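*Asks:* how would this look folded up:
(chains A, B, C and D)
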Number of protein chains: 2
Amino acid sequence: MSTTTPIFPPISEPSFPPPSQGAGATGATAATAAPRPPLNPEKLCSQLGWKVTAARRAIFKAIDKLDGYFDAEVLLVQAKKLHPAVSRATVYRTLPDLCSNGILRSTEFGDGHYRYCRHDPDAPPTAEIYVVDCGRILKVPAPFLSWYAATVTERAGYELIGQRLQTFARCVKKKEDVNACGSCEHQPAAVAPAPMR
Amino acid sequence: MSTTTPIFPPISEPSFPPPSQGAGATGATAATAAPRPPLNPEKLCSQLGWKVTAARRAIFKAIDKLDGYFDAEVLLVQAKKLHPAVSRATVYRTLPDLCSNGILRSTEFGDGHYRYCRHDPDAPPTAEIYVVDCGRILKVPAPFLSWYAATVTERAGYELIGQRLQTFARCVKKKEDVNACGSCEHQPAAVAPAPMR
DNA sequence: GTAGATGCAAACGCTTTGCGCCGCG
DNA sequence: CGCGGCGCAAAGCGTTTGCATCTAC
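*Replies:* As a prediction, the model looks like this:
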């Protein structure tokens, strides 16, 4: 099994032709994420050539519960709730493996914290919004993102493997009401205590 | 002066309207970066309310020399060449300050390494290409990127502060000739030894 | 003269790893 | 029964910080 956390974020979109009327601006109102089927330990492990262990069951279930972006520490806590014996080491060993196998995707917003999130290869590409008011991370659809990334990259003479669009933003509700954001519709931030140091 | 490394990457583009014929695909062949005037210690320091010190002179000049993406360690080495007394601490204290003042911009590609690069607020937005063959990072024009990012972000109910488009790519020359890439036109990677662990 | 900067070395915090035991298959 | 996986604790490593000294202004 591999070693370190990061793997190039997959393209996750079947390479688009230039859109006929501009890259974006249409369609649905963005939300947080789409519902995903829970990770199936048996299926997943056999698919990855892993043994099915209690630690892994707990970690998979914890990932399901967290649904959204989370960091290693939070995952550890969640997993411990389901199986108190899971160790920090196992979590840290598992996360990179799940990333390199395309089950998770990792990102980093400049606060020295890695965040992880379920990855669906068939879903359209997404952008990651870092809400500076509260440190939460949202996943929103970014239509044609991989087409755009490919264009920019190929123009420079390179071949696209993956891309990541990070966005830093303020919550508009917060702007109107300084005390808002606790009341935003974001789900509670699944990150360890120190968010935006 | 501030504390930690990261600051939200600035928008650096005067907010575009939807392009009339698709977001990209036209224009120049991408290169690495545009020539920038060297950092002027006196001007910069007074502008930032800093004292002009030997360490800062050295660091500024080192940044000029590095031109492109570099990490703290490389900057330290460069700066030491100009003024052997500069300490790691000073470099690490200066980098975040330069970022939060918009002089530099920082990024992280999932290898746990922060890279920095001159930032020009008036330049059009750019994407960052991480060339996986050699670990180098290129900066290429990404027209309408901030318009695109704003669209995606606002659709979700947030107000854009900044964005970052990271691209992971293979060098096409490398693809043709496995031994290439040493002979690519990229400038030598300004990063410490361990690139892609 | 004094607030701000610096260098040094120790501390930090997240992540990784060595090792011996354990349990899945 | 054997090898992969696990937990523990120690090590790593990039970065941060406390403190005494120094220096730009």
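*Asks:* tell me how many other residues crowd A:Glu42.
*Replies:* 9 (other Cβ atoms under 10 Å in any protein chain shown). (Glycine included, C-beta is placed from N, CA and C.)
*Asks:* pretty sure A:Ile103 contacts A:His119?
*Replies:* Yes: with contact defined as Cβ atoms under 8 Å, A:Ile103 counts as touching A:His119 (6.3 Å).
*Asks:* just give me the neighbour total for A:Ala62.
*Replies:* Neighbour tally, A:Ala62, other Cβ under 10 Å: 23.
*Asks:* ok, A:Glu108 next?
*Replies:* A:Glu108: 21 neighbours (other Cβ under 10 Å).
*Asks:* neighbouring contacts of the helix or strand harbouring A:Arg115?
*Replies:* Per DSSP states H and E, A:Arg115 falls inside strand A:114-118. The contact list for strand A:114-118, computed with Cβ atoms under 8 Å, 6 or more residues apart in numbering or on different chains, reads A:5-6, A:33, A:36, A:63, A:67-72, A:75, A:95, A:98-99, A:103-109, A:137, A:139, A:191.
*Asks:* report the distance from it to the chain centre.
*Replies:* 4 Å (Cα atoms, centre = their mean, to the nearest Å).
*Asks:* please apply the same query to stretch A:78-85.
*Replies:* With Cα atoms, centre = their mean as the basis, the mean position of stretch A:78-85 lies at 22 Å from the chain mean.
*Asks:* drop anything exposed from the contacts of strand A:114-118.
*Replies:* Buried members of the contacts of strand A:114-118, counted by 16 or more other Cβ atoms under 10 Å in any protein chain shown: A:5-6, A:33, A:63, A:67-72, A:75, A:95, A:98-99, A:103-109, A:137, A:139, A:191.
*Asks:* where along chain A do the strands fall?
*Replies:* A:104-108, A:114-118, A:126-131, A:136-141, A:158-171 (DSSP state E).
*Asks:* what would these look like in CSV with distance to B:Gly49 and mean pLDDT?
*Replies:* Formatted as CSV, those follow (distance: least, Cβ to Cβ, whole Å; pLDDT from 0 to 100):
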stretch, distance to B:Gly49, mean pLDDT
strand A:104-108, 31, 93
strand A:114-118, 35, 94
strand A:126-131, 28, 94
strand A:136-141, 33, 92
strand A:158-171, 25, 94
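*Asks:* any idea which of those strands is most buried?
*Replies:* Most buried of the strands of chain A by mean neighbour count (mean count of other Cβ atoms under 10 Å in any protein chain shown) is strand A:126-131; its value is a mean of 26.
*Asks:* that one and chain B, any residue contact?
*Replies:* Yes: counting by Cβ under 8 Å from any Cβ of the partner chain, chain B is contacted by strand A:126-131 at A:Ala127, A:Ile129, A:Tyr130, A:Val131.
*Asks:* from those, which two are the most distant?
*Replies:* Across these, the longest distance by Cβ to Cβ is 12.7 Å; it joins A:Ala127 and A:Val131.
*Asks:* roughly how far does A:Tyr158 sit from A:Ala127?
*Replies:* Separation of A:Tyr158 from A:Ala127 (Cβ to Cβ, to the nearest Å): 21 Å.
*Asks:* oh, I was asking about A:Leu160
*Replies:* A:Leu160 is 16 Å from A:Ala127, by Cβ to Cβ.
*Asks:* any residue of stretch A:155-173 touching chain B?
*Replies:* Yes: on the criterion Cβ under 8 Å from any Cβ, stretch A:155-173 is in touch with chain B at A:155-173.
*Asks:* do the same with stretch A:86-101
*Replies:* No: against chain B, stretch A:86-101 shows no contacts by Cβ under 8 Å from any Cβ, the least distance being 8.9 Å.
*Asks:* can you check stretch A:135-146 too?
*Replies:* Yes: Stretch A:135-146 is in contact with chain B by Cβ under 8 Å from any Cβ, via A:Leu138, A:Val140, A:Pro141, A:Ala142, A:Phe144.
*Asks:* which members of the contacts of strand A:114-118 are positioned in helices?
*Replies:* A:Ile63, A:Ala72, A:Leu75, A:Leu95, A:Leu98, A:Cys99 (DSSP state H).
*Asks:* with pLDDT added, can I get those in a markdown table?
*Replies:* What follows is the ones in helices among the contacts of strand A:114-118, written out as a markdown table (pLDDT from 0 to 100):
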| residue | pLDDT |
| --- | --- |
| A:Ile63 | 97 |
| A:Ala72 | 96 |
| A:Leu75 | 97 |
| A:Leu95 | 97 |
| A:Leu98 | 97 |
| A:Cys99 | 94 |
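*Asks:* cheers, nothing more for now.
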